[in-house]
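**Student:** Sequence plus the predicted model coming up.
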Amino acid sequence: MTYSDSRCEAPPAHQALLPMPVLLLCLLLCLLAVLPVKAVASVMPSPGEAVIDLAGRFEVLVDDSGALGIEDVRSPAHASAFVPAQPDSGDVSFGYSTSTYWLRLQLQAPAEQTGTARWLLELPYPALDRVEFYADGDTRPLIAGDRQPFAERPVAHRHPVFPLALEPGQTLTLYLRVDSEGAVSLPLKLWSPEAFETHNQLSYSLLSLYYGALLALMLYNLLLFLAIRNSLYLYYVLMLASMLLGQMAFNGIAHQFLWPQATHWNHVSLLVGFSLCGVFSALFTRSFLRTFNHARWLDYLLLLFALTFASLAVASLSGPYALVSMLLTAAGMLFALLAVGCGLYCLSRKIAGAGIYLIAWSFFLVGTAVFAARFHNLLPSNAFTAYAMQIGSALEMVLLSFGLANIINTLRRERALAQNEALEAQNRLIESLRQSEQNLALRVAQRTHELEQANLQLRANQQRLQHIAHHDPLTGLANRLLLEERIEHGIMRAMRHNSRIAVLLIDLDQFKPVNDKHGHAVGDELLVAVGKRFRGAVRAEDTVSRLGGDEFVIVLEDVFDISDVNRIVQTVENDLLRPFKVSEHLIEIGASVGYAFFPEDGKDTACLLHNADQMMYQIKERRGLRTAQQATDEQTT
């Protein structure tokens, strides 16, 4: 800030008669004009100092458009727009903002300094997207940030660190341009190289112990999961892995050692890690407290939070970073309340493990809440709030490891008890089996005999049903179904052997007067007797079938010529001319026989039966005409 040298001039003569209050106001304004504006004093690092906390000792310019460059902020028009940072609030934090922030810091080396003093300016907050560093006269910046390749950093460190040199008595003005989609926190520190190296060794050692402990717990519980296949341990391992991802991304360790060139993944890995940690924390809570058995409404809430965190994990890959980050912070704080509520509820129901869970997660969730509140400027930024989540997570992991060990012991006791009960039950079962062995053997033999008899009866019934299904119930001859099968089989055999078959269709003559004169019972006996004569007139391999009423069909296989068929037809007609003795009645009947050959008269069953039927009716018509002519001749005579 520069001092103003303006003064109030005496009023012109024509205004000398101004009222006294106006004159007093003018004098007051002139006095305020010549008073110096409060400016931030230059930082004078002495050679003996190891570290200087610069919180509140620099000036800030908020660039809402993000369009200002280094020459713009150095110009008088913008140089006066810098305002002192908050001196009493610890680290300067701006929360979530879309603005770009310019920091101005003035360093002055003491005149009695011997030689060039080397210093390192550290911004110990690795989650900033881009940080540009300018010294006096620089137009090209030194660059760091989590969205820049790690190799571009001037100092290979997980935090943005910039080297500078001060000559004796030199005053150096430094500018930092900070641009980030996430929360902006500016905990500036100035280090001597020796002190910075010592601090690095300690901080990296502590982080190594912290991450090593997480990895050890993760591998140990992974082995337990592979051994006992309990989903609780899988959720715990996945929770540890996602927490490890989020913590390493937040601390800058992942960007330095795991993916130094993957800038986009490094930018979103923090949100992805903590979102997945929320997913598996909710699932772990369900499994550890068994809310699906004891509190279904809490179980539904935990599932809802798991789904919410999973959605945030997906959205963080390509969604608006600031919005996802704020939603994740809010969801984390609400889940903290829900987790503590689950622990209290299950503790009141005396559910095993609820006490350890409540204590362990209270440490972690309180640390997370403090960490989130720091981002929203609800709590001051200091060493405790900056590392509250790591402190809480370390305590939580240790306590939950005891909880999981307790679960293992509980499972062992339950397994041993179950084995003893199973052994006793087995002994009782063996004794019961011994006592019932003879009775069981007797019942088995009896049941086997019954099954054999039932199978015999079933086979007999099956044969009877099959016979009924294929034979005429009155005559015992083949019915239409079996007839069609025999004709189809005969056609296939004739085609294979290049032979012929004949189908004879027989219709009894003068059968209706028998029914009318003697009754249907006599007619049925007559049909049975006719079927027996037909069966005796043909070979055993030929088929005799009754279609219904007084119609019969004979299937002849391996027929060579028409003379064979005529011989069979003559035999059938001669057999029918002999009187039948039925119920003390001598009955005479005749028959009309039509026939068809395969393949001359048809190549399928329907065609053969049709042609045989047509021939049979033609024979009936000729016999009818002949009978009528004979009757006419007798009358004439």
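**Tutor:** Here it is on my side, so go on.
**Student:** all contacts plus neighbour counts: C-alpha atoms, from now on.
**Tutor:** OK.
**Student:** all strands for the stretch 351-500 of the chain, in order.
**Tutor:** 500-509 (DSSP state E, counting those that start in this stretch).
**Student:** what's near enough to touch the closest residue to Ser46 other than its chain neighbours?
**Tutor:** Spatially, and ignoring its direct neighbours in sequence, Ser46 is nearest to Pro110 (6.8 Å; CA to CA, 6 or more residues apart in numbering). For Pro110, the contact set (CA atoms under 8 Å, 6 or more residues apart in numbering) comprises Met44, Pro45, Ser46, Pro168, Gly169, Gln170.
**Student:** could you flag which of these are buried?
**Tutor:** Listed as buried from those are Pro45; burial here means 16 or more other CA atoms under 10 Å.
**Student:** Can you tell me which of the contacts of Pro110 is nearest Glu414?
**Tutor:** Proximity of the contacts of Pro110 to Glu414 (CA to CA) peaks at Pro45, which lies at 66.7 Å.
**Student:** what's around the closest residue to the closest one other than its chain neighbours, how many residues?
**Tutor:** Leaving aside its sequence neighbours, Pro45 sits nearest to Ala109 (CA to CA, 6+ apart; 6.4 Å). The number of residues packed near Ala109 is 22, by other CA atoms under 10 Å.
**Student:** which ones are touching Ala109?
**Tutor:** Neighbours of Ala109 in contact, by CA under 8 Å, 6+ apart: Met44, Pro45, Ser46, Leu166, Glu167, Pro168, Gly169, Gln170, Thr171.
**Student:** for the first one, what are its contacts?
**Tutor:** Neighbouring residues of Met44 by CA under 8 Å, 6+ apart: Leu107, Gln108, Ala109, Pro110.
**Student:** Can you redo the contacts of Ala109 as a markdown table, where the extra columns are distance to His497, secondary structure and pLDDT?
**Tutor:** Converted to a markdown table, the contacts of Ala109 look like this (distance: CA to CA, whole Å; DSSP: H, G, I helix; E, B strand; the rest coil; pLDDT from 0 to 100):
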| residue | distance to His497 | secondary structure | pLDDT |
| --- | --- | --- | --- |
| Met44 | 121 | coil | 81 |
| Pro45 | 119 | coil | 80 |
| Ser46 | 121 | coil | 76 |
| Leu166 | 117 | strand | 89 |
| Glu167 | 120 | coil | 89 |
| Pro168 | 124 | coil | 89 |
| Gly169 | 125 | coil | 86 |
| Gln170 | 122 | coil | 88 |
| Thr171 | 121 | strand | 90 |
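**Student:** Let me know the closest of these to Leu334.
**Tutor:** Once CA to CA is applied, the member of the contacts of Ala109 that ends up nearest Leu334 is Pro45, at 45.0 Å.
**Student:** if I look at the closest one, how far off is Arg486?
**Tutor:** Pro45 is 118 Å from Arg486, where distance means CA to CA, to the nearest Å.
**Student:** just Ala330 next, same as before
**Tutor:** For Ala330, the distance to Arg486 - CA to CA - is 85 Å.
**Student:** what's Pro168 sitting at in phi/psi?
**Tutor:** phi -60, psi 130 (degrees, to the nearest 10).
**Student:** pretty sure it is in contact with Thr116, am I right?
**Tutor:** Yes. Counting by CA atoms under 8 Å, Pro168 touches Thr116, with 6.7 Å between them.
**Student:** Isn't Phe274 up against Ser242?
**Tutor:** Yes. Between Phe274 and Ser242 there is a contact at 6.5 Å, judged by CA under 8 Å.
**Student:** quick one, which of the two is more surrounded?
**Tutor:** Between Phe274 and Ser242, Phe274 has the larger neighbour count (other CA under 10 Å), namely 27 against 24.
**Student:** Excluding residues flanking it in the chain, which one is nearest the more buried one?
**Tutor:** Gly246 (5.2 Å).
**Student:** If you tally nearby residues, what's the number for the one you found?
**Tutor:** 23.
**Student:** now Ile228
**Tutor:** Quick note: Ile228 (other CA under 10 Å) scores 10 neighbours.
**Student:** what's the distance between the biggest helix by length in the chain and the middle of its chain?
**Tutor:** Using DSSP state H to define each element, the chain has its longest helix at helix 388-470. Put simply, helix 388-470 sits 32 Å off its chain's centre (CA atoms, centre = their mean, to the nearest Å).
**Student:** now swap in stretch 276-292 and tell me
**Tutor:** Computed by CA atoms, centre = their mean, the chain-centroid distance of stretch 276-292 equals 17 Å.
**Student:** Going by distance to Phe280, which of the contacts of Ala109 wins?
**Tutor:** Among the contacts of Ala109, and counting by CA to CA, the member closest to Phe280 is Pro45, at 48.3 Å.
**Student:** Confirm for me that the closest one is in contact with Gln106.
**Tutor:** No. Applying CA under 8 Å, one finds Pro45 not in contact with Gln106, separated by 10.8 Å.
**Student:** Report pLDDT for the closest residue to Glu167 other than its chain neighbours.
**Tutor:** Once flanking residues are discounted, Glu167 sits nearest to Thr116: 4.8 Å by CA to CA, 6+ apart. Thr116 carries a pLDDT value of 87.
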